[in-house]
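[1] give me coordinates for this.
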Amino acid sequence: MSSFQPYQPPQPGPYAPQPGPYPPQAGQQPQMYGVPPVPVSQPYPTMAYPSITGEHPNATAILILGILGFVTSGVTGIIAWIMGNSAKKECAAGMYTATDSLKVGRMLGKVTGILLIVGVAVCVVALIIGLVVTAGSGS
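    Model prediction:
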C-alpha cells in the first residue's frame with residue numbers, strides 16, 4: 001500500500017507570517033513582517049485625585065438667583081451670595097473651574113444683598129426718626 005493521505009495541510013506561501021521564537025500570549029496579536037504588534041486597549045489607570053470637571057454644577061443657579069435678586073428685593077441675592085462664596089471655595093480647592101456665570105452670579109448676589117441690607121437699615125432709621133418726631137410733638 002502506498003502512503004496516500006487525502007488531506008495535506010497547505011504549505012505556507014512566500015508571504016505567510018513567520019512564527020516567532022515563542023507563541024503569542026492571550027490578548028496579543030502575532031508579530032508579522034517585523035512590524036510591532038498593535039497594542040491591545042488597556043483600561044485607563046484610576047486617578048488618586050478628583051479630576052477637574054469644568055463648570056461648577058451650581059453656577060447657573062447662582063447666576064439666576066443673582067438676577068432674581070433685583071426682582072425679589074434682594075432676598076434671593078443673599079442666597080446667591082452665600083452659594084457663590086461656597087462655590088468659590090470649592091473652585092479654589094481645585095475641584096471645579098470658576099466660570100464667568102459663577103463670578104457674575106456671586107457679584108449680583110452681593111450687590112442685591114447689600115442693597116437689601118442698606119434698604120432695611122434706611123427703613124429702620126426712618127421708623128426711629130418718625131417715632132421720635134411723633135413722640136416729641138405729642139407733648
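[2] and the next helix or strand past the strand or helix carrying residue 88?
    Element membership for residue 88 (DSSP states H and E) is helix 75-92. Counting by DSSP H and E, the element after helix 75-92 in chain order, helix or strand, is helix 100-137.
[3] and residue 61, how close does it get to residue 134?
    Residue 61 is 45 Å from residue 134, where distance means C-beta to C-beta, to the nearest Å. Glycine gets a C-beta too; all of them are placed from N, C-alpha and C.
[4] repeat for residue 74
    29 Å.
[5] more crowded one of those two?
    residue 74 (24 against 9; other C-beta atoms under 10 Å).
[6] what are the phi and psi values at the more buried one?
    phi 90, psi 0 (degrees, to the nearest 10).
[7] look up the closest residue to it, ignoring the ones flanking it.
    Of all residues not flanking residue 74 in the chain, residue 116 sits nearest, at 2.8 Å (C-beta to C-beta, 6 or more residues apart in numbering).
[8] tell me who's in contact with the one you found.
    Residue 116 makes contact with 69, 73-75, 77-78, according to C-beta atoms under 8 Å, 6 or more residues apart in numbering.
[9] how near is it to residue 135?
    29 Å.
[10] residue 136 - how many residues pack around it?
    Around residue 136 there are 8 residues (other C-beta under 10 Å).
[11] next, the contact list for it, please.
    By C-beta under 8 Å, 6+ apart, residue 136 has no neighbours at all.
[12] from residue 128, how far out is it?
    From residue 136 to residue 128 the distance is 12 Å (C-beta to C-beta).
[13] now do residue 100
    In terms of C-beta to C-beta, residue 100 sits 42 Å off from residue 128.
[14] residue 63 now?
    37 Å.
[15] the more surrounded of those two?
    residue 63 (23 against 10).
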